[in-house]
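S.K.: everything below, folded, please.
(chains A, B, C and D)
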2 protein chains.
Amino acid sequence: MLIRKLESIAPLSDEEREAIHGLPTKIRTLQAGQNIVHEGDKPSQCCLIVEGWACRFKILGEGRRQIFSFHIPGDTPDLQSLHLHTMDHSLATITEATVVLIPHDRMMDLTMRFPRVGALLWRDTLIDAAIFREWMAGIGRKSAFGRIAHLFCEMYVKLEAVGLAGDNRCPLPITQAELGDALGLTTVHVNRTLQAMRGQGLITLRGNTLVVHAWKELCQSSEFDPAYLHLAKTG
Amino acid sequence: MLIRKLESIAPLSDEEREAIHGLPTKIRTLQAGQNIVHEGDKPSQCCLIVEGWACRFKILGEGRRQIFSFHIPGDTPDLQSLHLHTMDHSLATITEATVVLIPHDRMMDLTMRFPRVGALLWRDTLIDAAIFREWMAGIGRKSAFGRIAHLFCEMYVKLEAVGLAGDNRCPLPITQAELGDALGLTTVHVNRTLQAMRGQGLITLRGNTLVVHAWKELCQSSEFDPAYLHLAKTG
DNA sequence: CGGACAATTGATCTACCTCAAAATTGGTGG
DNA sequence: CCACCAATTTTGAGGTAGATCAATTGTCCG
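M.R.: Numbers count the residues shown, from 1 in each chain, chains lettered A, B, ... in the order given. Coordinates of the predicted model:
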């Protein structure tokens, strides 16, 4: 799965592919709402999500929480721990999930022996940062409506890229409280804004499934431009 | 300067040091408020700030702007263009500035020949992302007061790390409008909040200089914990 | 069927925004 | 050294998106 993702950007040599394949992998299945790594930890391995959803977040005082990202199969959400040894935030599952754990030393070894593979992983963390910037712009400068719509567009495109969305429909196992924590809103306001979006016939969101009825309008109202995701097609 | 920064994390071999030294560098002096790279560009070089301040930002519709980061001497703010070829945001000077431009191909060559140097540069971009997350948490979940105070703490610590701050005093050549665009606030509200901060005797901000009168209170009121900056001392 | 979690509703409040004008400041040229 | 300009900072008045608090309803699932 990691190979497939990396090759979507640049082809790998047999040698490189083999080296990735040779990484020792520990597969683990986790319950929903379980921490993978916690702020302050010094993990010795990093994880690849094979199935399910996860999110990264930080708890502030008085019950406030900021979610930084949602992660889906194919993502390596804590790659940064390879070079920044102390976690400055937490990573937890949202749904039941299957993850693969890869020891840091082996990963490091891989990037030293095959700098081109390292570059692809580096690239992945740069896209991560690009998504952070986009969220920041949303939280800082967009309306609640625009922020939620933008997140829907982003998740749809990301899911589509790994074959998990299509036909204007994608999974979205996220509660309104989580949406609020990701977008800097309260649950109540997320709820009311969702009702407005439904009222305008833009989307349906029921039973962990999002259906987009008017993609173009959704993009427009949220100023969504997928360039920042740097997907293969878009360059 | 780049060598000094990288060596603050891990020592370099003579060979590595020499390779960095051997990079072709074009020095340029820029006026204040000048674009270095623009959203949509495909730059063929990346820049190191030698003197002056810069910021990264994105323009949204209707005069809205989000500033993602402020950059000071020693920073390499567009390192990401090495792997993400199309800029998804812009980089511009805030003050008059001196920058060094390094061709991508030479930089890439360096990281391929010396993966350890590549790793240090990678690390730098990961800290960049950590700062984005911290800003996101601020914009999403903190009061105007907390956000401004937090930015002051962050800039002070970053400047101190490169020897540009000390004695509770540091340069801060940022207008209130820029502060607002960075923190998701209006100029008017930034102004009023600053007055409150002054009123409480926490800071003085005049003539592009910030003086912190009560560091501890400033940190507390903004929930500032420098761990996310991953400075050498802190690990 | 019951319990826990998630979604929804209502009423009220406030931190921050908008608009518009005035006062300061710093730099510049004469 | 002063007058002037443009950019900043500051002030005032009034408005609103989104927060807060407190139930109530719906849904999933063992």
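S.K.: so residue A:69 lies in a strand, does it not?
M.R.: Yes - Residue A:69 sits within a strand when classified using DSSP: H, G, I helix; E, B strand; the rest coil.
S.K.: the nearest residue to it once chain neighbours are set aside is in what secondary structure piece?
M.R.: Counting by C-beta to C-beta, 6 or more residues apart in numbering or on different chains, residue A:69 lies nearest to residue A:56, which is 4.9 Å off, once chain neighbours are set aside. The way it works is simple: take the backbone N, C-alpha and C, and place the C-beta from them, glycine included. Here residue A:56, judged by DSSP states H and E, is contained in strand A:54-59.
S.K.: which elements pack onto that strand?
M.R.: Secondary-structure packing of strand A:54-59 (3 or more C-beta pairs under 8 Å, 6 or more residues apart in numbering or on different chains; DSSP states H and E): strand A:65-71, strand A:90-93, helix A:176-183, helix B:115-141.
S.K.: and the angle from that strand to helix A:176-183?
M.R.: Inter-element angle recorded for strand A:54-59 and helix A:176-183: 70 degrees (by axes from the mean of the first three to the mean of the last three C-alpha atoms, to 10 degrees).
S.K.: list the beta-bridge partners for the residue most central in space within chain A.
M.R.: Nearest to the mean C-alpha position of chain A, by C-alpha atoms, centre = their mean, lies residue A:71 at 2.9 Å. Residue A:71 has these beta-bridge partners by DSSP bridges: residue A:54.
S.K.: thought it was touching residue A:92?
M.R.: No - Residue A:71 is not in contact with residue A:92 according to C-beta atoms under 8 Å; the separation is 10.1 Å.
S.K.: which neighbours do these two have in common?
M.R.: A:54-55 (C-beta atoms under 8 Å, 6 or more residues apart in numbering or on different chains).
S.K.: still on that earlier bit, now check the strand holding residue A:56, is it near DNA strand C?
M.R.: No - if you take C-beta under 7 Å from any atom of the strand as the test, strand A:54-59 misses DNA strand C, and the best it gets is 12.8 Å.
S.K.: okay if I get the helices and strands packed on strand A:54-59 as TSV plus distance to DNA strand D?
M.R.: Formatted as TSV, the helices and strands packed on strand A:54-59 follow (distance: least, C-beta to the nearest atom of the strand, whole Å):
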stretch	distance to DNA strand D
strand A:65-71	12
strand A:90-93	15
helix A:176-183	7
helix B:115-141	9
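S.K.: which of those sits closest to residue A:23?
M.R.: helix B:115-141 (16.9 Å; C-beta to C-beta).
S.K.: so the closest one, near chain A or not?
M.R.: Yes - contact between helix B:115-141 and chain A, assessed by C-beta under 8 Å from any C-beta of the partner chain, occurs at B:115-116, B:118-119, B:122-123, B:125-130, B:132-137, B:139-141.
S.K.: right, and the helix or strand after that helix?
M.R.: Immediately after helix B:115-141, counting by DSSP H and E, sits helix B:144-161.
S.K.: report all helices and strands that the helix or strand of chain A with the lowest mean pLDDT contacts.
M.R.: Ranking every helix and strand in chain A by mean pLDDT, DSSP states H and E puts helix A:2-7 at the bottom, with a mean of 80. For helix A:2-7, the packing partners by 3+ C-beta pairs under 8 Å, 6+ apart come out as helix A:14-21, helix A:115-141.
S.K.: now those helices in CSV, with mean neighbour count and mean pLDDT?
M.R.: Formatted as CSV, the helices and strands packed on helix A:2-7 follow (neighbours: other C-beta atoms under 10 Å in any protein chain shown; pLDDT from 0 to 100):
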stretch, mean neighbour count, mean pLDDT
helix A:14-21, 14, 92
helix A:115-141, 22, 97
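S.K.: now these as a markdown table including distance to DNA strand C?
M.R.: A markdown table is the format used below for these (distance: least, C-beta to the nearest atom of the strand, whole Å):
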| stretch | distance to DNA strand C |
| --- | --- |
| helix A:14-21 | 36 |
| helix A:115-141 | 9 |
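S.K.: quick one: average pLDDT of stretch A:214-231?
M.R.: For stretch A:214-231, the mean per-residue pLDDT is 97.
S.K.: any part of that stretch near chain B?
M.R.: Yes - if you take C-beta under 8 Å from any C-beta as the test, stretch A:214-231 does meet chain B, through A:223, A:227-228, A:230.
S.K.: the residues you listed: which ones sit near DNA strand D?
M.R.: Okay, of the residues of stretch A:214-231 next to chain B, nothing touches DNA strand D (C-beta under 7 Å from any atom of the strand).
S.K.: ok, those vs residue B:67, which is closest?
M.R.: residue A:228 (16.0 Å).
S.K.: need phi/psi at the residue nearest to the closest one when sequence neighbours are not counted.
M.R.: Nearest residue to residue A:228, sequence neighbours excluded (C-beta to C-beta, 6+ apart): residue B:88, at 4.1 Å. Taking degrees, to the nearest 10, you get phi -100, psi 10 for the backbone angles of residue B:88.
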